[in-house]
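In: show me the folded form of this:
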Amino acid sequence: METIDINQAVLQINQLLEMAAEGKEIIITKNHQPMVKLISAKPQTKRPPLFGSDRDRISISDDFDEPLVDFKEYM
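Out: Okay, here's the model as predicted:
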């Protein structure tokens, strides 16, 4: 992250915009106080869909909904 005063930023705006487009974050300050953050407007890379990501890792037995032997006396 780079910090630059607004007076210098006005003179270097093209260079700062190029840097932001490359992925760098630039903070523009006025009177030593943060004023604006320049960041890229490119969309973030999306993660792969979660549906089906655990295929063949999880299995459900045929009797998963049968009463448990340990709890027969409570039923």
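
In: which ones are touching Gln33?
Out: For Gln33, the contact set (Cβ atoms under 8 Å, 6 or more residues apart in numbering) is empty. (Each C-beta comes from the backbone N, C-alpha and C, glycine too.)

In: any idea how far it is from Ile27?
Out: Remark: distance between Gln33 and Ile27 (Cβ to Cβ, to the nearest Å) = 10 Å.

In: where's Ile4, which helix or strand?
Out: Element membership for Ile4 (DSSP states H and E) is strand 2-5.

In: just the C-alpha atoms of the next helix or strand after that strand, please, in CSV.
Out: The helix or strand immediately downstream of strand 2-5 is helix 6-11, counting by DSSP H and E. Listed next in CSV are the C-alpha coordinates belonging to helix 6-11 (Å, rounded to 0.1, in the frame of the first residue of the first chain):
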residue,chain,number,x,y,z
ILE,A,6,-3.1,15.0,-2.8
ASN,A,7,-0.9,17.8,-4.2
GLN,A,8,1.6,15.2,-5.6
ALA,A,9,-1.2,12.8,-6.6
VAL,A,10,-2.7,15.5,-9.0
LEU,A,11,0.6,15.7,-10.8
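
In: return the set of buried residues in whichever helix or strand comes after helix 6-11.
Out: Going down the chain from helix 6-11, the next helix or strand is helix 13-21, by DSSP H and E. By neighbour count with 16 or more other Cβ atoms under 10 Å, helix 13-21 contains the buried residues Leu16, Met19, Ala20.

In: thanks a lot, catch you later.
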